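Colleague: mind folding the following:
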Amino acid sequence: MDALEQKQPLLTYDGKIGELYGIFIKNLLLQIITLGIYRFWATTNTRRYVWSRMRFQGERFEYTGTGGELFKGFLLAIAIMFGAVVGAVVLSVILRAVTGSAALSSLPLILLYLVVAVIAAGAYFSAQRYRLSRTQWRGIRGGMTGSSLVYGAYVLLYGLLCIVTLWQMWPWASLRLAERRINASSFGSLQFQFKGHAGALYGAFVGTFVGVIVWFAVLGAIFYRSLLALLPIGHAPLHTHDAGAGAVFGSIFLFYVLFIVGALLIQCLYLALLTRHVLGNTTLGTQLRFGSSITGTRLLGIMLGNLAIFIFTLGLGLPIVLHRGLRFAADTLQVSGQLDPQTLGQSDQTPPRTGEGMLNLLDHGGAF
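Modeller: Below is the predicted model of the structure:
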């Protein structure tokens, strides 16, 4: 099954831009009418269409989640966060009244920040569990084991490690987190398996890391005067009502946008290599081995094109961006082997009753 000649497209996507626009416009109008509350059902509508337009071995996927589940998860997340904040504040006040120590009274608030950080970091893990559990193929659904809180703790620890090592542990941390997510996932009775090696990524990582630093230096030279104007060196600090302040802050904003966009584009080579490495070392049971034909050039092209479409249409080109991204994913994802539905049993993992509430509350869940 490791013969590269057997690699073939994993998915077939046959969605249509016109149909996506119909869903987009309906979702947009209903979100406006309901002051944003409909966004949970809007997400479900989009997912149901996209899932149904993806085929594997001639059979289409089905998304069985509901907007109500997403809404309930969102309300549950609000209740948990509100309860945690109130509890921490009350405990802090009690400690201050009993001990008179400001240091001791701050401990509940510090613990609150830590807990919130862990929950936020683990939100993607719980969201992936929900989406897998609501994804069906020939009546078989996915599943996931493990704790989102444990995953969130690892995200924070690995993040701290990356900061201490000036981001040089980033490839290793990325693979270890991918390993935790993938190896906790299953489809039906088959388990996903992944084992990556960070050494294969470091050449591209160092190259892009240096490239980002050079890009930052170039922008710093271009916007030198604007950056200097913000520093209280040799003159009074710049205030928003000062003459020319608007131009300075506009230049700083442009500097920030150009740096972020440029850094993402520079990293295309590394991101493509990372994708090929992760997928190329992932299997489903002993029946399927995954792969990818993605390259840095193709990734750069799709990113630039989608960015231009989104900007010049003021966001109204989102269905086109989504369509291009889905078609790109279907074209580049590969698989070798054959999945026999007769030997694929149903998942024995208990599906969650609500969906990705923390991800929606923290507003980094996106459409998928």
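
Colleague: could you use CA atoms for every contact and neighbour count after this?
Modeller: OK.

Colleague: show the average pLDDT along stretch 33-41.
Modeller: Average pLDDT, stretch 33-41: 94.

Colleague: next, the distance between the ends of it.
Modeller: 13 Å (Cα to Cα, to the nearest Å).

Colleague: where's Asp340 relative to Lys72, distance?
Modeller: 36 Å.

Colleague: who has more neighbours out of these two?
Modeller: Neighbour count, other Cα atoms under 10 Å: between Asp340 and Lys72, Lys72 has more, with 17 against 9.

Colleague: contacts only, for that one.
Modeller: 354-355, 357 (Cα atoms under 8 Å, 6 or more residues apart in numbering).

Colleague: how near is Glu69 to Leu109?
Modeller: Using Cα to Cα, one obtains 31 Å as the distance from Glu69 to Leu109.

Colleague: likewise Gly262?
Modeller: Taken as Cα to Cα, the span from Gly262 to Leu109 is 38 Å.

Colleague: what about the strands in the stretch 151-300 of the chain?
Modeller: For the stretch 151-300 of the chain, strands defined by DSSP state E, counting those that start in this stretch occupy the ranges 185-187, 190-194, 282-284, 288-292.

Colleague: what's the last one packed up against?
Modeller: Just to be clear, that refers to strand 288-292. With contacts taken as 3 or more Cα pairs under 8 Å, 6 or more residues apart in numbering; DSSP states H and E, strand 288-292 sits against helix 268-280, strand 282-284, strand 333-337.

Colleague: now tell me which helix or strand of the protein has the poorest mean pLDDT.
Modeller: Lowest by mean pLDDT, DSSP states H and E among the helices and strands of the chain is helix 224-229, with a mean of 66.

Colleague: which residues of the chain fall in helices?
Modeller: Secondary structure of the chain by DSSP state H: the helices cover 17-33, 39-52, 67-99, 102-133, 148-164, 170-183, 202-222, 224-229, 245-266, 268-280, 296-312, 318-332, 357-361.

Colleague: most tightly packed of the ones you listed?
Modeller: Across these, the average number of neighbours (mean count of other Cα atoms under 10 Å) peaks for helix 357-361, which reaches a mean of 22.

Colleague: so Ile266 versus Leu258, what's the distance?
Modeller: In terms of Cα to Cα, Ile266 sits 12 Å off from Leu258.

Colleague: now do Gln136
Modeller: Following Cα to Cα, the distance that separates Gln136 from Leu258 is 41 Å.

Colleague: for Leu300, find the nearest of the helices and strands packed on strand 288-292.
Modeller: Across those, Leu300 has its closest neighbour in helix 268-280 (5.9 Å, Cα to Cα).

Colleague: relative to helix 170-183, how tilted is the closest one?
Modeller: 30 degrees (axes from the mean of the first three to the mean of the last three Cα atoms, to 10 degrees).
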